[in-house]
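In: Just the structure for this:
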Amino acid sequence: MCRRYALRVIDLTGQVRLIMDADIRFPSHFNIAPSSTNPVIVSAPEGNHLRMMEWGLIPHWAKDIRTMPRPANARAESLAEKPMFRGLLAHHRCIVPASGFYEWRTEGTRKLPFYFHRKDGSLLTFAGLYDAWQAPSGETRQTYTIITTAANELMAPIHDRMPAILTDEDVQRWLSRDVLLSVAMKEMLVPDASDRMETFLVSPRVNSTAVDDEQLIAPL
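Out: Numbering: from 1, shown residues only. Got it, this is the predicted structure:
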């Protein structure tokens, strides 16, 4: 799973060419959790756009969202089988930018948090899907989910799943409106190379979503 990640604004604005609406403002966050509103990259004819969306997918066909689950993650292996995700694969693919992400290892009664990021500090580009749901009041809510895949060798001792991180070559391919065959998606939605990443133990302060400061991504 991937249910917490960090995004420093400097990593986003410094590494991705984007068209941003003038009214979009967002600070760096170091403890992003489901139900929060965050930057997401989508494709448009004039270029890649940055939009703010809620983490936790609401399908456009949902009637009563008070009782239905809002998945923060979608398994790469079953995307084409799940009605909630299948219809989004054609034209509702997105990139979720991140500086790094967290996962917990259980040791006895304790859960130890680890932070994963690229050794060179480059931006992580999670593959995602998004949708737009219209409330009875007329309000439109755009939401997203992060696609996960099997863990790489670095991640496996901590958890058996990790975000599907696209290579630089596959980012624009994923954002395009081209139809992607299942074979192509299997090639793209794979574990990131272990030798590109590093991990270290971080403060248990990250366990609380109320805590959000840069010390969370410092080695303990």
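In: out of everything not next to it in sequence, what's closest to Arg196?
Out: Spatial nearest neighbour of Arg196, excluding adjacent residues (CB to CB, 6 or more residues apart in numbering): Arg118 at 5.8 Å. Using the backbone N, CA and C atoms, a C-beta is placed for each residue, glycine as well.
In: What is the burial count for the closest residue to Ile58 other than its chain neighbours?
Out: Counting by CB to CB, 6+ apart, Trp133 is the residue found nearest to Ile58 once chain neighbours are left out, at 4.2 Å. By other CB atoms under 10 Å, the residues close to Trp133 number 17.
In: so where's the protein uncertain?
Out: Regions of the chain meeting the criterion pLDDT under 70 cover residues 15-23.
In: And the helices in it?
Out: 9-15, 83-86, 168-175, 182-188 (DSSP state H).
In: Of the ones you listed, which is nearest Phe126?
Out: Each of those has some distance to Phe126 by CB to CB; the shortest is helix 168-175, at 10.2 Å.
In: mind listing what's buried in that closest one?
Out: 170-171, 174-175 (16 or more other CB atoms under 10 Å).
In: Now flag whichever of these is closest to Gly87.
Out: Trp174 (16.8 Å).
In: Tell me which residues touch that closest one, please.
Out: For Trp174, the contact set (CB atoms under 8 Å, 6 or more residues apart in numbering) comprises 93, 95, 127, 166, 180, 188.
In: ok, the fourth one touching Met188?
Out: Yes: applying CB atoms under 8 Å as the test, Leu166 and Met188 come out as touching, 6.3 Å apart.
In: list residues touching both of these two?
Out: Common neighbours of Leu166 and Met188 (CB under 8 Å, 6+ apart) are 127, 174.
In: the more surrounded of the two?
Out: Ranked by neighbour count (other CB under 10 Å), Leu166 and Met188 place Leu166 first, with 23 against 20.
In: Run through the residues that contact the more buried one.
Out: Shown in contact with Leu166 (CB under 8 Å, 6+ apart): 95, 125-127, 174, 188.
In: Any figure for the gap between it and Arg105?
Out: Noted for Leu166: a distance of 26 Å to Arg105, by CB to CB, to the nearest Å.
In: before we move on, the earlier item: can I get the helices of the chain in JSON lines with distance to Ile158?
Out: Formatted as JSON lines, the helices of the chain follow (distance: least, CB to CB, whole Å):
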{"stretch": "helix 9-15", "distance to Ile158": "22"}
{"stretch": "helix 83-86", "distance to Ile158": "26"}
{"stretch": "helix 168-175", "distance to Ile158": "25"}
{"stretch": "helix 182-188", "distance to Ile158": "23"}
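In: Quickly list what the nearest residue to Glu77 once chain neighbours are set aside is bridged to.
Out: Closest residue to Glu77 apart from its sequence neighbours, by CB to CB, 6+ apart: Thr149 at 7.7 Å. On the basis of DSSP bridges, Thr149 is bridged to Met162.
In: number of nearby residues for Thr149?
Out: As a burial measure, Thr149 scores 20 neighbours (other CB under 10 Å).
In: Any idea how many residues pack against Phe26?
Out: Quick note: Phe26 (other CB under 10 Å) scores 14 neighbours.
In: picking that back up, residues contacting the residue nearest to Arg196?
Out: Contacts for Arg118 (CB under 8 Å, 6+ apart) come out as 100, 124, 196-198.
In: Just give me the closest of those residues to Pro69.
Out: Nearest to Pro69 out of those is Leu124 (CB to CB; 25.3 Å).
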